[in-house]
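> Provided below are the primary sequence and the corresponding predicted coordinates.
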There are 6 protein chains.
Amino acid sequence: MPEAAAKTDAADEDRCITGIDGLDRILNGGIPRGNTVLITGSCGTGKTTLSFEFLLHGAMHNENGLFISVTENWKKLLKNVIPYSFFDNSLVKSKKLILIDLSSIYQKLGLEKEEFSMEDIDIIVKAVGDIVREWKIERLVIDSITSICFQLKTKEKIRDFILSMGKNLSDAGCTSILVSEISPGEQSYSMYGVEEAIADGIVLMANLERRGDLLRTLQVVKMRGTMHSRAKYVLDLTPVGVLLVPLLKGGSVAGGI
Amino acid sequence: MPEAAAKTDAADEDRCITGIDGLDRILNGGIPRGNTVLITGSCGTGKTTLSFEFLLHGAMHNENGLFISVTENWKKLLKNVIPYSFFDNSLVKSKKLILIDLSSIYQKLGLEKEEFSMEDIDIIVKAVGDIVREWKIERLVIDSITSICFQLKTKEKIRDFILSMGKNLSDAGCTSILVSEISPGEQSYSMYGVEEAIADGIVLMANLERRGDLLRTLQVVKMRGTMHSRAKYVLDLTPVGVLLVPLLKGGSVAGGI
Amino acid sequence: MPEAAAKTDAADEDRCITGIDGLDRILNGGIPRGNTVLITGSCGTGKTTLSFEFLLHGAMHNENGLFISVTENWKKLLKNVIPYSFFDNSLVKSKKLILIDLSSIYQKLGLEKEEFSMEDIDIIVKAVGDIVREWKIERLVIDSITSICFQLKTKEKIRDFILSMGKNLSDAGCTSILVSEISPGEQSYSMYGVEEAIADGIVLMANLERRGDLLRTLQVVKMRGTMHSRAKYVLDLTPVGVLLVPLLKGGSVAGGI
Amino acid sequence: MPEAAAKTDAADEDRCITGIDGLDRILNGGIPRGNTVLITGSCGTGKTTLSFEFLLHGAMHNENGLFISVTENWKKLLKNVIPYSFFDNSLVKSKKLILIDLSSIYQKLGLEKEEFSMEDIDIIVKAVGDIVREWKIERLVIDSITSICFQLKTKEKIRDFILSMGKNLSDAGCTSILVSEISPGEQSYSMYGVEEAIADGIVLMANLERRGDLLRTLQVVKMRGTMHSRAKYVLDLTPVGVLLVPLLKGGSVAGGI
Amino acid sequence: MPEAAAKTDAADEDRCITGIDGLDRILNGGIPRGNTVLITGSCGTGKTTLSFEFLLHGAMHNENGLFISVTENWKKLLKNVIPYSFFDNSLVKSKKLILIDLSSIYQKLGLEKEEFSMEDIDIIVKAVGDIVREWKIERLVIDSITSICFQLKTKEKIRDFILSMGKNLSDAGCTSILVSEISPGEQSYSMYGVEEAIADGIVLMANLERRGDLLRTLQVVKMRGTMHSRAKYVLDLTPVGVLLVPLLKGGSVAGGI
Amino acid sequence: MPEAAAKTDAADEDRCITGIDGLDRILNGGIPRGNTVLITGSCGTGKTTLSFEFLLHGAMHNENGLFISVTENWKKLLKNVIPYSFFDNSLVKSKKLILIDLSSIYQKLGLEKEEFSMEDIDIIVKAVGDIVREWKIERLVIDSITSICFQLKTKEKIRDFILSMGKNLSDAGCTSILVSEISPGEQSYSMYGVEEAIADGIVLMANLERRGDLLRTLQVVKMRGTMHSRAKYVLDLTPVGVLLVPLLKGGSVAGGI
């Protein structure tokens, strides 16, 4: 980890600890507070689970979390997280962790259209910002930004949306994860190619075929405001949550550790 | 199978046992009930046969099944399944297994158009939901979702269709398989790239050239609500139905079990 | 041929014997009667010759054949088949083998347009069906379906055309070959990507460079209603017709035969 | 040359001998008379030189030739052929070899448009046919068909053009070469992908990097009406004309002949 | 470094020293003054950090610098640079280093549109030129040009914009860096393919996987007005700034220094 | 150089000697007079330098040269050539070498549009032809043709432009170089794919990674009117100008001269 040198103890206060084994070490202490991080990968690479664990870890340590579900009903989503031992439903009941469907926000705003205008973007960003401030949210996940982009359509509007959303959240002191869906085999970090340029960080989650098995991998491609490793890690979805192991120690090379 | 640890006996009740040799083991007991699973692959990879065996296994164990045929007449389709020893025509006669052509549903609904609107989607989803509830269907197969997508055309509408269809079926306690057709060599899991993001599970069926032969393979890329293996298996279409063998034991590597 | 087990003698009656050395063995007795088979490949891979031999073999055994020529005048086409020893012109004279240009059908129907409508498709399908019934055709070849698709243009209409054509022919007890043209190096089985999903069978004909030579290969990717080998065969166009040899015995691996 | 068996002496009369060393042997005696052959390749692969030598060989043996120049002025083109020892200007003077610019035909027909209609195609085809008949042309070269396709634009019209041109020429007993330009690295045999399906023969000319040099290669992919080798040959443009050497004897493999 | 021969001491006066370890040596003394350099690469390759260090080095040596932030608020950007030891905030305070958001320039000019016209381009170029002259700017960074291109849309306008911007800046004696964003795996040097043809220099920043790690690389593809190395260097983002090491000495080849 | 045999001393008079070390030998004496040569390659491959040296060599030997600068101001361009020892400014002063910006020609002709018509093309070609005749230009460079193509837009117009420009220049006895810009990794010889079909010669300039370095290479793909080597050469931009070395002797293979 040759980029780790400049870290001081003081820096820790400015970090949002993910609580995910390995990731905080990769990031040299966690995500810099206020950053907007794009977690990008194809289906089944563990984006939602990792994002959820990030929120739960915060909620357990008294940082309010907000999960905005875009592609599906949050209740169904929750059901899939329950089996993990890191899940604690009392956090949901006590409102330390709030789950909302974006469609319900759209409904309240009267924004049920096929394509959003620049003005609509401002309204949505403000609405999310209001929720974040009202509930003192410190950690936010939008799963996924890609589904929102379908309704924005132009690169210009996508850029504006992520930019003003990111600024609004950052101003509110909120650390955010935007989940991005890409096709397997896709070389880009996002579907429209602009999402990644605006994000403060990019975490790439991918599949890796090895000896007939399909491993999950994680790689921090970029993270503003911190030194970090850019090595590829193998990601395991275990009952106790996400676990990261350096790729070289993942079984394919003898004499590891 | 390092992801299998958290499974308890109680979980079995929540599983929809496919009855396909190997697949239930891969899925750690079967498909989580209420899940919408995308079975995706190019022509001739065995998608329809596997889906049919899934329905028949349920029907034999008193779970009503519904096969909605989109690309062709269900009667012709049935003819191709009859040679399999797992087929039992009495299940069709006793209405434990119901086969419908989607075109006949369209006809009843007066929906014979080139492109569907959002409202049409609601009508179709409701119609399918009504059939599921009326006949107490617990297992559903739509073969294929891709043909429906041709008439939906935009990613937005495809997303909405799969989402509301999935929710409707899940609410009715029905476990569903959506067959997705992709081109051989296609890297994506679906033709429009959005189908996979909404599904609870993705089963990838593919071809693999080995020593001049064209093997069929199966891989569970994602399955919400259960730990599962992500390894690639060789799939054989035998007279007794679908059979799965780990790729490494498939003949190419000596010394297997 | 591990998929051959379920075959019984009785099944033979339901098979349309192609008469092509090796292909009937690959198909475990021939093409299941009533099937619509897509023969797909780039230029010069032998699609037309194989299709023609299929028709001639039928005609010689008292099964009437119809060759619908789409891309060019059937008279010119015939000239190219004459050198083959399997060709017997008396079959053409005795109307056991009928050759028609699609353009002449279009002319009779008054359908000389740049793009066909859904209604036009119905008219064409009915016209072909009428010919099949009138002349008691049991084997049909359309060479090529791709040229027709140029005038259908949308995936929707192509799907409808192949579907209703296939159903009409199958109802008439006719076994059909649809020739599909793809570019060399094309990964898909057809130009529009929908043709293959509707066909009952897919026979892939391709080129294979080996030691500076350009071999022709044949592979049955899919065939509904029969167990079949999916191995790749080398195809030779010999004076006595199409000849198939397993790829491994084709000269590249020692110790064959 | 395993496909050569069926050839008889009588067949020679039906062959159009190209006079190009090696090519006639590959084609088992020459191009079947009346065939329309697509010679396809990227820039600098020798398409024009080979086509010209084909015409000159005919003219020397009393078969009138017509070269229709599409991309540039035939006078300039001629200048580039003069250095070859096979060129004999008296053949041009005695009208055994006629050179015309397509633009001059367009001018006479009053067809100076950006896009041609179906009717325009008929007019052009008839005009070329008239020249062929008037001058008793037995060999024709159009260099290149690709430039004409730019003005036809749709696959439908290109198909119709090549089809009716080919039929017209074939009816007049004329053997024709259509030069097709593709990009280097292009997998298809033509720019629009339909040209090759209609041609009776495809001769693929390409580049091959070997030890830092850029060899020219020739391969007969398809030729209706004759058995032929499909092996890849190295093509040399020597002062005495086109020369073909089997690839394996081209210097890269020891112990040849 | 075989291209370095012609360099004379006098030339140094015409060079804009980047202050980045290794880069000045690669460039044989620095960027030729007045050049417009495209720094191109995907996310996380260090484009912004390198550009910033270039500005800071100038400011420390009394050359005024201007950073025009396009994709995001410059204040946020600044925060990410602060940890680097090369950063000296007094340079910002003393206006040796000026940071502006392009959006604020747009606002002043009343140019808040979705697409810019040729006239708008002239207005923007003039406005930037005025700032450069007013503040005696000698080093300029626009981060990124790609976001501006989204609003120019046609290759024609992008070409005109970069051309007239470059000319205006060069006339003012200003050395400029235009940051260009490309997708990972992209072969081109820019998103629209025209940006690179107009720039005086191209510095390609990329990722390179090696033993599971993701190295950053830098390569000077082109630089008008100077001999330069075109070798690939490994780029490290260290607390003291950008550091370049020849790729062969980067750890993968034994026997390095 | 197996293609060099037919060359006679007399031929030298018909050659335009480039003066570039190695290139004249590759071309067997130089570019055939009156040829229009496409020099194609991505950024930084040395196209402009090579073209300039070609002009300067002519000017020094009393052949007037014209450089039409399309992408940028010729004064800036000149600055970049001055460091080369082959540059002699007196040739510019004495009008042996004339430099013009295409934009100034456009201005005079009143042709400042976004898209040119066929008529505009005629006007531009005539204007260039007039300059060539008035100043007795024997060597011309247009840098780059690609920028002009942006304003022609259709393949038809690009073809017409290059064709009539080439004819006009050839009629005037002028040997011309058209610089073509392609993306790195691009397989085609030009952006629109038609430029190369019309040119008399194609010189491909590319990059080649070798041991971490980025070599420049040159390859004469096609040259009408002369035998030539088609081997790949390494190109060095040295202070004394362009230098060509056969690739195999470029350092990667031992035992070279």
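Arrived safely, thanks for sending. What you see is a predicted model; the values in this text were computed from it and never measured.

> buried set for stretch A:49-64?
Taking 16 or more other CB atoms under 10 Å in any protein chain shown as the basis for neighbour counts, the residues of stretch A:49-64 that come out buried are A:49-59, A:63-64. Backbone N, C-alpha and C define where each C-beta goes, glycine included.

> Tell me where chain A has strands.
Read by DSSP state E, chain A holds these strands, from start to end of the chain: A:15-16, A:31-32, A:36-41, A:64-69, A:97-101, A:137-143, A:175-181, A:201-210, A:213-223, A:232-238, A:241-246.

> Select, out of these, the one closest to F:Gly44.
Taking CB to CB, strand A:213-223 is the member of these nearest to F:Gly44, at 26.5 Å.

> how about the strands of chain A in JSON lines, adding mean pLDDT?
JSON lines is the format used below for these (pLDDT from 0 to 100):
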{"stretch": "strand A:15-16", "mean pLDDT": "94"}
{"stretch": "strand A:31-32", "mean pLDDT": "94"}
{"stretch": "strand A:36-41", "mean pLDDT": "96"}
{"stretch": "strand A:64-69", "mean pLDDT": "96"}
{"stretch": "strand A:97-101", "mean pLDDT": "96"}
{"stretch": "strand A:137-143", "mean pLDDT": "97"}
{"stretch": "strand A:175-181", "mean pLDDT": "95"}
{"stretch": "strand A:201-210", "mean pLDDT": "93"}
{"stretch": "strand A:213-223", "mean pLDDT": "93"}
{"stretch": "strand A:232-238", "mean pLDDT": "91"}
{"stretch": "strand A:241-246", "mean pLDDT": "90"}
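
> For D:Arg25, which of the ones you listed is the nearest?
Closest of the strands of chain A to D:Arg25 is strand A:201-210, at 47.3 Å (criterion: CB to CB).

> Let me see the contact set for A:Ile105.
Shown in contact with A:Ile105 (CB atoms under 8 Å, 6 or more residues apart in numbering or on different chains): A:Ile68, A:Ile124, A:Ala127, A:Val128.

> E:Tyr106: which of the residues you listed is nearest?
Each of these was scored against E:Tyr106 by CB to CB, and A:Ile124 proved nearest at 22.4 Å.

> So which of the buried residues of stretch A:49-64 are in helices?
A:Thr49, A:Leu50, A:Ser51, A:Phe52, A:Glu53, A:Phe54, A:Leu55, A:Leu56, A:His57, A:Gly58, A:Ala59 (DSSP state H).

> On the pLDDT front, check the first one for me.
Put plainly, it is A:Thr49. According to the per-residue confidence, A:Thr49 scores 92 in pLDDT.

> Excluding sequence neighbours, find me the nearest residue to it.
Sequence neighbours aside, A:Leu237 is the residue nearest to A:Thr49 in space, at 5.8 Å (criterion: CB to CB, 6 or more residues apart in numbering or on different chains).

> do the second one as well
In space, and not counting its chain neighbours, A:Leu50 is closest to A:Val242: 5.0 Å by CB to CB, 6+ apart.

> Do I have it right that the one you found meets A:Phe52?
No. Shown here, A:Val242 and A:Phe52 do not form a contact pair, counting by CB atoms under 8 Å, at 9.4 Å.

> shaky segments in chain A?
By pLDDT under 70, the low-scoring segments of chain A are A:1-13, A:248-257.

> Quick check, central residue of it?
A:Ile177 (3.0 Å; CA atoms, centre = their mean).

> Go ahead and confirm it touches A:Ile142.
Yes. A:Ile177 is in contact with A:Ile142 according to CB under 8 Å; the separation is 7.4 Å.

> And for the closest residue to chain C within chain A, the neighbour number?
Among the residues of chain A, A:Gly185 lies closest to chain C, at 12.7 Å counting by CB to the nearest CB. Per other CB atoms under 10 Å in any protein chain shown, the neighbour tally for A:Gly185 reads 11.

> Look up how far A:Gly41 lies from the residue nearest to A:Leu50.
When CB to CB, to the nearest Å is the yardstick, A:Val242 and A:Gly41 sit 13 Å from each other.

> now do A:Thr18
Summarising the geometry, the distance separating A:Thr18 from A:Gly41, computed by CB to CB, is 16 Å.

> Who does A:Ile177 form a beta bridge with?
Beta bridges link A:Ile177 to A:Val37, A:Val141 when assigned by DSSP bridges.

> wait, what's in contact with it?
Contact analysis of A:Ile177 by CB under 8 Å, 6+ apart lists A:Val37, A:Ile39, A:Ser51, A:Phe54, A:Arg139, A:Leu140, A:Val141, A:Ile142.

> and if you look at A:Gly241?
Taking CB under 8 Å, 6+ apart as the definition of contact, the neighbours of A:Gly241 are A:Ile20, A:Asp21, A:Thr49, A:Glu53, A:Tyr84, A:Ser85, A:Phe86.

> Between the residues you listed, which sits nearest E:Ala199?
A:Ile20 (41.6 Å).

> So what's the residue count around the closest residue to A:Ile198 other than its chain neighbours?
The shortest distance from A:Ile198 to any non-neighbouring residue, by CB to CB, 6+ apart, is to A:Ile162 (4.6 Å). Applying other CB under 10 Å, we find 30 other residues in the vicinity of A:Ile162.

> picking up where we left off before, can I get the strands of chain A in a markdown table with distance to D:Val92?
Converted to a markdown table, the strands of chain A look like this (distance: least, CB to CB, whole Å):
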| stretch | distance to D:Val92 |
| --- | --- |
| strand A:15-16 | 83 |
| strand A:31-32 | 78 |
| strand A:36-41 | 66 |
| strand A:64-69 | 78 |
| strand A:97-101 | 80 |
| strand A:137-143 | 74 |
| strand A:175-181 | 65 |
| strand A:201-210 | 63 |
| strand A:213-223 | 65 |
| strand A:232-238 | 67 |
| strand A:241-246 | 75 |
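
> Show me which residues of the stretch 101-250 of chain A sit near chain B.
A:114, A:144, A:146-147, A:150-151, A:181, A:183-186, A:191, A:207, A:209, A:211-216, A:236-239 (CB under 8 Å from any CB of the partner chain).

> try it again with 6 Å
A:Phe150, A:Glu181, A:Ser183, A:Pro184, A:Gly185, A:Gly212, A:Asp213, A:Leu214, A:Pro239 (CB under 6 Å from any CB of the partner chain).

> Which pair of those spans the longest distance?
Farthest pair in these (CB to CB) is A:Phe150 and A:Gly212. Separation: 35.0 Å.

> Now do the contacts for A:Tyr233.
If a contact means CB atoms under 6 Å, 6 or more residues apart in numbering or on different chains, then A:Tyr233 has A:Leu218, A:Leu244, A:Pro246 as its contacts.

> same thing but at 7 Å, please
When contacts are counted by CB atoms under 7 Å, 6 or more residues apart in numbering or on different chains, A:Tyr233 touches A:Gly22, A:Thr217, A:Leu218, A:Gln219, A:Leu244, A:Val245, A:Pro246, A:Leu247.

> All good on my end, thank you.
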